Structure formats: C-alpha cells, structure tokens
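# A structural model of the following input is requested.
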Amino acid sequence: MSIFPFPKPRPATPDQVDGLPVFSLPPTLTHIGRYVDSHATQNFQGGTGISTIRARSIRVFPDKDRVVVQMGNAAAVYLLNTLRADLAVGMKVVVASRDASPKESYLQWNGFLYPENKASQWFAPAIDDQDPMGKGLAFDRDDRGNLYGVWSFGWGIALDGSHTSGTHLPKVVQMTNCGGLTTGEVCPAATISPTKFPNTRHDGSGLSSRQSIMVLRVGNKYFVVVASGSAKGHAVFDVTDPAAPRFVQASTGAERSVLRYDRHDATSRVAFVDATGGLRVYSYNDLVLARQPSPTVPGSFADVAFDESGSLWAVEKSRIVRFAWSSSVATRTDFPTLNDGFLKVFAISAAGGHVAIAGETRTTFDVRIAKVVGDQLQPINTEGFFANYYHGGAGPGFAKPALTFPFDVQLIPHNGKLLLMYSATSLGDVYEVAAEPVVIVDPTKPPVDLAALRADCTRAANDVIAAIDQNTDIPQHPAFKAFVAALERLKAAMRP
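Presented below is the predicted three-dimensional model:
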C-alpha cells in the first residue's frame, strides 16, 4: 500500500514525498476524502483478483441515492447519503495478486459489478485486454434498481436494490454473441454452461466495439441503447422485462455512435457526442424509433451534461455551449472563456449552479470551476490547484503522483453543499467547493479575468497585513498601493 499524501489547507505544513512538498489547497476547496489511490501500482489484468483499480467515469443518481464510479473494469456503487461518512472512514487495500508492486487502495463500495469476478456468474472469457470495459460511458442505472454495464464480451444487467454489503450485485441477464440463434434466445449449454453462467442470451444485433450503454424510459417501457464509438452505430433493445431483452432496431453510421452522453429524465432528452465530434440531441422516443435528432450541432465536442433544470451543456476545446429549452424551442448561449488555453477538453459537469471542466493545457492538465450567473460564467479561483497537485504544474519543486490523467469530473449538490469528484486515473478524490461572492461584470466593457483580479487582491491584502506587522508607513507602502489598484480594477469591471 502506498498513499499519496492528501492536500492540506494553508498555512498547515504540507506533507512531503521524497523531500518534496505536495501542493496545498486553496481557500475555495476542502478535501473530503479519497476513493481510489493506485499511483504506485502498475497495470494488472483480470485474473489477478481484479484488474488494477483506476478512477474513471462517474455518474450520480441523486433521486436514487447512488453514485456509481467506474474503477478499472468494475462499476462501484456508493450511497450518496453516506458518502461523506464513508470517506471519513478511509480506504481499504485491494485483495489481489500484485507481485512486488504496491497494492492500490479504494473506498469500500456498497456493491459492485465486475464480470471477471467468479461470483458474478457472467461469461467473461480470458482475453489479453487491460480494459475490456467500454471506453465511452459504460454503465447506467434505471429507476427500478437495475444497473447496466457493457464490456467487449457483451452487455448485461445486475440488480442494485437495497444492496449495502459490499458484495457483487446479483446477475439479471447477460447478452453476448453465442452464434446461430435469434437475438434474445438463451445460449445453448454446449456453448455456455447454464449452471456457471445462468440466463446468458444471444446478442445478434451485429454491433461490435461496444463502448457505451444507456437506459431510457418511454411511457411504461424501458429501452437500452448499446453503442459503439465508431461507424458501427448503436443497437436498441426493449428491457421492459430486464431478464429477457428483446431486439428492436440497429442504426449504423458514425453519427449514430456514442462517445459520451447524458440524459435528463424529467424532459426525456438525451444528448451525445458522436464519432464525428458532432452534438446530437434526441427525445427518448425519437432515439428508440431511429428518428432524426433536434438539434444537431457539428463540431469537435468532447462531452455533454444536463443540469437539474434540463439545460444542456456541451464542451469543445475553445468554447462551452448551453442549450436552454422553452417548450420545444432551444436557446443557445456560447461561453468562450472558461477553457481558454485548453488544447483538449475531456469532461464537463453542470450542477448546483456551477460548471466544471477537465482538460489539457499547453503544459499540463487542469480542472476549472465556474459559477453560472445569468449568461456569464464567473470562475472560482482554485489557484491552479488541480494542475499543480495532480499533474506536476507547479514544477520540479513539488511532489507529483504517477499515472494521473483527467478522466472525469462531477459536481454534486448535496445537503446544501457543493461537492466535486475528480477521477484522475490513479487518484480519485472528493472536494467541497466553497461558495464565493458573486461579482456581476458589466457586459458593455471588455472581458475581465475575475479569477486573476481576486488573486491579485488576496495577494496584495496579505502583503499589506505583513507590512502592518512590520510597523511600516502603510499608505506609502507598495503593497498598499497594489491593493488599492487591484480594488479599482475590480470596481471598474462591475456593473455601475
């Protein structure tokens, strides 16, 4: 076991790694706890107990008290209402064969879905693949307590009821290609043992390279969309009876593939990024029936997120786009500044009146957070924390964990607080984001970097306090003059 030191708030002395300090927390963030730490563990495939646990995609189902995290090739289920208390207890060491490599640690899950586990009763043939779980958004959950997952060897359903024991979720069904049957038929015993792998059924949809899975409720019926990340498109199944999926239709083409998606049940809308980088928005019913999307936005989009109101947020390298609906009419607003300097963006989250994005800059990776104020995004000043703590942005004078890559970020409003979960591959952490005073800038004036202005004010104020302690002539001190100048710049940016 090897745990990378947790970040501490200033002025506490930071922990060190090999004589180098870890980067400290800014005042706007509080570290709540960690759910994955595998920064010192090399890659191990299934068959060693569990493939190496890495922090990947995150999905939140607040009305069902669930947070589901992809950890390596498993979907780990947590209870939202006890997440903070569980994080306070701390992580446990994985039970797996790791040879001489340090073992990873993870937050004990309430339940999990991992087909390569013998208790799963899933047919998971041995393959030379570190990551057989889908590379898109590889799991989803419906309002009946069914958890859906997709792997290279098939897709299926497990039951996530009142499961809190930490054991494997009971199998409902698995769909895989067992050849020569009608889709939905139980695989013959000569091919797949019904004793070892009960209710394993044939998927003859022709879809390969499965990457994402989503479940949609249309009236009293439930449908699953299993999608590739290429021109193979997607296939739709009726899972109203979850134990006996029924094939509905398949749609081919790059524009029918799904790289990343989100859905909003209250408005029955789903949005996804296709293999061309385009943004496509459907009603649940239109997607099931292979109708045309509305809207369709060409581009190089990376991710999408619905907020609680049903507004859709989509992110490209150089802009964030919001679509807000009134009846069936969507109003579009572009926000071009939060991702300034990003070469790539990997993830977006929108919740609790805030937006967060994770991406790659010219020198490192970073996460940025902003408060939504009307048609503006007001950045939260994190002082470059994510780039500096996780990704070496502070330079060689600070400790850096290994194998960190921004996989996902999620904002979670809960009990009057705003939480942020960050999956950085070898580390997964939860933070509380502090509420900041809202500053409304004057839209008639040039754009202002409010985060930099606030940082200047804070830095100058600290210098003034230091000068007071030294009994210096304050009005003539350069720090006081810098503080006044920063306040004047801030005042000039505000509405009259």
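# show me where the stretch 1-150 of the chain has its strands.
Secondary structure of the stretch 1-150 of the chain (DSSP state E, counting those that start in this stretch): strands at 16-17, 20-21, 29-37, 55-61, 66-71, 74-79, 92-93, 105-106, 111-113, 139-141, 146-151.
# need the next SSE after the lengthiest strand in the chain, C-terminal direction.
In the chain, with assignment by DSSP state E, the single longest strand is strand 404-414. Next along the chain after strand 404-414, taking DSSP states H and E as the criterion, comes strand 417-425.
# list the helices and strands that following strand packs on?
strand 29-37, strand 55-61, strand 66-71, strand 354-360, strand 365-373, helix 385-390, strand 404-414, strand 427-433 (3 or more CB pairs under 8 Å, 6 or more residues apart in numbering; DSSP states H and E). Where you see a C-beta, it was placed from the backbone N, CA and C, and this is true even at glycine.
# tell me which of these sits nearest to residue 485.
With CB to CB as the measure, strand 365-373 is the member of the helices and strands packed on strand 417-425 nearest residue 485 (25.0 Å).
# render the CA-only coordinates of the helix or strand just after the closest one in PDB, please.
Counting by DSSP H and E, the element after strand 365-373 in chain order, helix or strand, is strand 376-379. Extracted C-alpha coordinates of strand 376-379, given in PDB (Å, rounded to 0.1, in the frame of the first residue of the first chain):
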ATOM      1  CA  GLN A 376     -21.900  34.500 -17.700                       C
ATOM      2  CA  LEU A 377     -19.500  32.100 -16.100                       C
ATOM      3  CA  GLN A 378     -17.700  33.500 -13.100                       C
ATOM      4  CA  PRO A 379     -14.600  31.500 -12.500                       C
END
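# each with direction, which strands does strand 376-379 pair with?
Strand 376-379 pairs in its sheet with strand 365-373 (antiparallel), by DSSP bridges.
# now the angle between strand 354-360 and the strand it pairs with, please.
If you take axes from the mean of the first three to the mean of the last three CA atoms, to 10 degrees, strand 365-373 sits at 160 degrees to strand 354-360.
# skip the chain neighbours and tell me the closest residue to the most centrally placed residue in the chain.
Against the mean C-alpha coordinate of the chain, by CA atoms, centre = their mean, the closest residue is residue 408 at 3.2 Å. Closest residue in space to residue 408, ignoring its immediate chain neighbours: residue 423 at 4.4 Å, by CB to CB, 6 or more residues apart in numbering.
# doesn't residue 59 make contact with the one you found?
No - judged on CB atoms under 8 Å, residue 423 makes no contact with residue 59 at a distance of 11.2 Å.
# quick one, which of the two is more surrounded?
Per other CB atoms under 10 Å, whichever of residue 423 and residue 59 has more neighbours is residue 423, with 26 against 17.
# ok, that one - contacts?
Residue 423 is in contact with 36, 55, 56, 57, 58, 69, 406, 407, 408, 409, counting by CB atoms under 8 Å, 6 or more residues apart in numbering.
# out of the helices and strands packed on strand 417-425, which gets nearest to residue 9?
Nearest to residue 9 among these is strand 29-37 (7.3 Å), distances taken as CB to CB.
# ok, the closest one: who's next to it in the sheet?
strand 105-106 (antiparallel), strand 427-433 (antiparallel).
# which residues are in contact with both of residue 423 and residue 59?
Common contacts of residue 423 and residue 59 (CB under 8 Å, 6+ apart): residue 69.
# related to what we said a few turns ago, go through the helices and strands packed on strand 417-425 and name the closest to residue 311.
The nearest among the helices and strands packed on strand 417-425, by CB to CB, is strand 365-373 at 9.2 Å.
# could you check the angle strand 404-414 makes with that closest one?
30 degrees.
# pLDDT below threshold where in the stretch 301-450 of the chain?
Where the stretch 301-450 of the chain drops to pLDDT under 70, the residues are 436-450.
# go again with 80.
Applying pLDDT under 80 to the stretch 301-450 of the chain flags the ranges 337, 435-450.
# follow-up on the earlier one: residue contacts, the residue nearest to the centre of the chain?
Per CB under 8 Å, 6+ apart, neighbours of residue 408: 55, 56, 57, 58, 346, 347, 358, 421, 422, 423.
# you'd agree the fourth one is up against residue 68?
Spelled out, it's residue 58. Yes - with contact defined as CB under 8 Å, residue 58 and residue 68 form a contacting pair (7.5 Å).
# the more surrounded of these two?
Neighbour count, other CB under 10 Å: between residue 58 and residue 68, residue 68 has more, with 25 against 22.
# now do that one against residue 423, distance only.
As judged by CB to CB, to the nearest Å, residue 68 and residue 423 stand 12 Å apart.
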